[in-house]
Each structure stands twice: as structure tokens, then as C-alpha cells.
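**Q** I need the structure of the sequence given here:
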Amino acid sequence: MFRRSTWVALVVVAILAGVLFYMNREQQVVEEVAEAFPTLPSRTVIPDGDGTASRIRIEAATGEVVEVALNLQADWEVILPFEGAANQGNVEAVVTEIDTMRFINEITDVPPSDLGLAPPAYVLTLHFKSGAKHVLEIGDKTPSETGYYARLDGDRLLVVENFAIESLLTFMAFPPYFATPTASPPPPTGTETPTATPIPTESVTPAP
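**A** Okay, here's the model as predicted:
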């Protein structure tokens, strides 16, 4: 006959075997799900790994240009349309938009002229601290108005998300100059004696 300790040991072994079987089955299910739903490729317009932008230039087909760049103190300055101090928060907001800019889909076998890219309406040129450079040409808005047709580095035709492009166009329409507060006129000192306005003699009506 089996001793009580032997039965206990057998029960423990059976439990451990069940736990190991369950864990192996769970791992198999996770692997099957991962194979069924592979990781989607990144849809960011600017390739990952290029680092942080150090110069941003956007130019319209009509000739307007806005350009900002980091100076030696790592502060943003406006270069064009004329040099001046930049609002750091406004520029950093645009940098974030550029870093997170995504495309909806990629287009093939369509002439750039059909997308408003020959010539483009706007050209965005980006320089990065890593030495990388990218040029994004911006064309027409899509018929659904959910995005803009664009061409990256003269090669890839993309539909870029609507709000990302419109953020850049706002940046161009309102260059991010640092606003200098306008001085208010000084208040009166109270020491000046108000001058009475003389009344013309002709306007005085004589008493009856």
C-alpha cells in the first residue's frame, strides 16, 4: 500500500504537470495570435531614427517663405521672411507635429500632376541634427478632404493626414515671431493744470 506521503507527492506532481501544460498552451495561443495579427509597419511620414529637426523651411508656390533654425544656444530663431526671435513654444509644437505626422496610405501608378504635385503648392524642407534631410512636397487636398497628396524626397507618393498639413500651413501664414509687448502710454502725473478752452465772444449771448 502507498503511504500517505506518497499520495501527497503524486497529487503535487499531477498539479505541477497540469500547471505546466496550461502555461505551454497559453504560450502557444499567444504565438498563434501574434502570427495572425503581425505588427503593422510604421505610418510616420518622416522615417524613425533621424532625430530632432534643426531647421524647418516651408515655401509656397506663390513665393512666400518661412524658415526657422536652431542657433548655437539651441534656441529657435526665425530666419525668413526676416530675422527675429522666435516663440519657442510655437516652433516646438510644429516640431512635434512633424515628428508624429502620419500618412493614410501610399499611392502608386498615379501621375504627380493628377495630385497637384507638378508643381507642388508647398515644399517643406527639413534638416536634422543627425545630418539627415527630407523634402516633402504638398499638393491638392483629397476629394474626401481627410488628407493631402504629398511626395516624400521626390519618390514616395502619400496621402498625409489633414490636420498635420494644415498645422504647417498655419505656421506659414503666421510666422512664429516672439511677440514684444507694446508699451502703454504713461498715466497723467496730476501736476499739470488743465487749460480752459476760451469761449469766443460771438457765442456769448448778452443778458436782457
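
**Q** so L115 sits against I107, correct?
**A** Yes - using CB atoms under 8 Å, L115 is in contact with I107, at 7.4 Å. All C-beta spots, glycine's among them, are computed from the backbone N, C-alpha and C.

**Q** hey, what's in contact with both of those two?
**A** 149, 157 (CB atoms under 8 Å, 6 or more residues apart in numbering).

**Q** and S130, what does it touch?
**A** Here S130 is in contact with 49-51 (CB under 8 Å, 6+ apart).

**Q** ok, 10 Å please
**A** Counting by CB atoms under 10 Å, 6 or more residues apart in numbering, S130 makes contact with 49-52, 54.

**Q** so which of those sit within helices?
**A** Nothing among the contacts of S130 maps onto helices, per DSSP state H.

**Q** just the buried members of those?
**A** Among those, those classed as buried by 16 or more other CB atoms under 10 Å are 50, 54.

**Q** circling back: neighbour count winner among L115 and I107?
**A** L115 (22 against 16; other CB atoms under 10 Å).

**Q** tell me the bridge partners for the residue nearest to the more buried one when sequence neighbours are not counted.
**A** For L115, ignoring the flanking residues on the chain, the nearest one in space by CB to CB, 6 or more residues apart in numbering is Y149 at 3.7 Å. Per DSSP bridges, the residues bridged to Y149 are V159.
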